[in-house]
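1. got a structure for you, letters missing:
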Ligand SMILES: O=C(O)CCC(=O)C(=O)O
């Protein structure tokens, strides 16, 4: 064989080897670097205009400015000042699409145990973690890397474990059996976040003027029943230290598909949200949840509440763990603007959608920003 061809063959094999290494995730790269990885591999280097500090036409301030999100106090929401808190909730969902939830009633122990169990899962050997790798979007458990590793040309610096919770009784046996307490801790956390979500959804319906009677009397209302039977997905994210954090992202700009996401982040900063053309870094608040409006709530509220782009920065010194709990209607339900929020002055702004359409959308292309929601817009 001519030397040139042989060389081409070698290069091709090298590429394949590298590609299969990247498919194993960034925690694998980090663990196998013996502490001497001082360059980020080309696979993770974003084009200049998509890097965290680039200044673009859309974003005047790409340098990270810190943001204290509006705070919603759950204890006050249950008390005599409920109507004022409901107004603040509406304002936060309209102006930021995000808020910080405090005094939510989930104990520090449950929160700490969940973060700790996630951390210990990502510290397991690669062979143990790899048992949960799957490209099936419907798998009850899925370990993977990047955003959509089957489609992304440039990878992002994140590994994840997705746990389907719908229904938990069918999925639990597939969740990781190691670390030994993982299932117990994650199950407890999933149940607690589901209850918190239902309480918040009641407040959101009230803020949209969709509950005729106060929450206590509305139990048994069919609209609330649909939310109770809704879907829940937990995403445990791990962002290892990255040698050149300015060249890549932990997660690219995206919006979430569901109604509400309850995000728990450890003490390491990284989450940024888009606000008035700027990327702002959300200051972690211990024992709180960052809650955001998802695409389904923007659609359901006929555009009143905003599903806002967010992304994740990485850093060179600390591991970061976050746990997102995404909630929506049952998977087979159609999501559409509430008829009560449509009239002559505020016409219907979105097409009907469902979960299958969303999955088809993300599995068929490289996911870029919030095109899915854009594809649902009527005007
Ligand atoms: O890690 C974070 O702070 C955000 C995670 C996120 O956006 C997601 O899981 O969709």
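-> Arrived safely, thanks for sending. On a predicted model such as this, the values are computed, not experimentally measured, just so you know. Numbers count the residues shown, from 1 in each chain.
2. which SSE is the residue nearest the centre of the chain in?
-> In the chain, the residue lying closest to the centroid (Cα atoms, centre = their mean) is residue 324, at 5.2 Å. Assessed by DSSP states H and E, residue 324 sits inside strand 320-328.
3. closest point of the stretch 1-150 of the chain to the ligand, which residue?
-> Closest contact between the stretch 1-150 of the chain and the ligand, by Cβ to the nearest ligand atom, is at residue 147 (9.0 Å). Bear in mind the C-beta positions are built from the backbone N, C-alpha and C, glycine included.
4. and that residue, how many neighbours?
-> Number of residues near residue 147 (other Cβ atoms under 10 Å) recorded here: 21.
5. and residue 204, how many residues sit next to it?
-> Using other Cβ under 10 Å: residue 204 sits among 25 other residues.
6. let me fix that, I meant to ask about residue 308.
-> When neighbours are counted by other Cβ under 10 Å, residue 308 registers 21.
7. isn't it up against residue 93?
-> No: the criterion here is Cβ atoms under 8 Å, and residue 308 misses it with residue 93 at 9.7 Å.
8. show me where this structure has strands.
-> 61-67, 71-73, 98-102, 141-145, 159-164, 231-239, 251-254, 260-265, 271-275, 278-282, 289-293, 310-312, 320-328 (DSSP state E).
9. mind putting these into JSON lines with mean pLDDT?
-> Below are the strands of the chain laid out as JSON lines (pLDDT from 0 to 100):
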{"stretch": "strand 61-67", "mean pLDDT": "67"}
{"stretch": "strand 71-73", "mean pLDDT": "97"}
{"stretch": "strand 98-102", "mean pLDDT": "98"}
{"stretch": "strand 141-145", "mean pLDDT": "96"}
{"stretch": "strand 159-164", "mean pLDDT": "98"}
{"stretch": "strand 231-239", "mean pLDDT": "97"}
{"stretch": "strand 251-254", "mean pLDDT": "93"}
{"stretch": "strand 260-265", "mean pLDDT": "98"}
{"stretch": "strand 271-275", "mean pLDDT": "96"}
{"stretch": "strand 278-282", "mean pLDDT": "94"}
{"stretch": "strand 289-293", "mean pLDDT": "98"}
{"stretch": "strand 310-312", "mean pLDDT": "96"}
{"stretch": "strand 320-328", "mean pLDDT": "97"}
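10. most tightly surrounded among these?
-> strand 289-293 (a mean of 26; mean count of other Cβ atoms under 10 Å).
11. list the neighbouring strands of it plus their orientation.
-> Strand 289-293 has the following sheet partners, assigned by DSSP bridges: strand 98-102 (antiparallel), strand 260-265 (antiparallel).
12. quick one: is that strand near the ligand?
-> No: under the criterion of Cβ under 6 Å from any ligand atom, the ligand is not reached by strand 289-293; the shortest gap measures 7.4 Å.
13. report the angle between that strand and strand 320-328.
-> Angle, strand 289-293 to strand 320-328, by axes from the mean of the first three to the mean of the last three Cα atoms, to 10 degrees: 40 degrees.
14. interface residues of this structure facing the ligand?
-> 235, 237, 251, 256, 263, 265, 270, 271, 310, 312, 322, 324.
15. please name the residues that touch the fourth one.
-> Taking Cβ atoms under 8 Å, 6 or more residues apart in numbering as the criterion, residue 256 is in contact with 292, 294, 295, 307, 324, 326.
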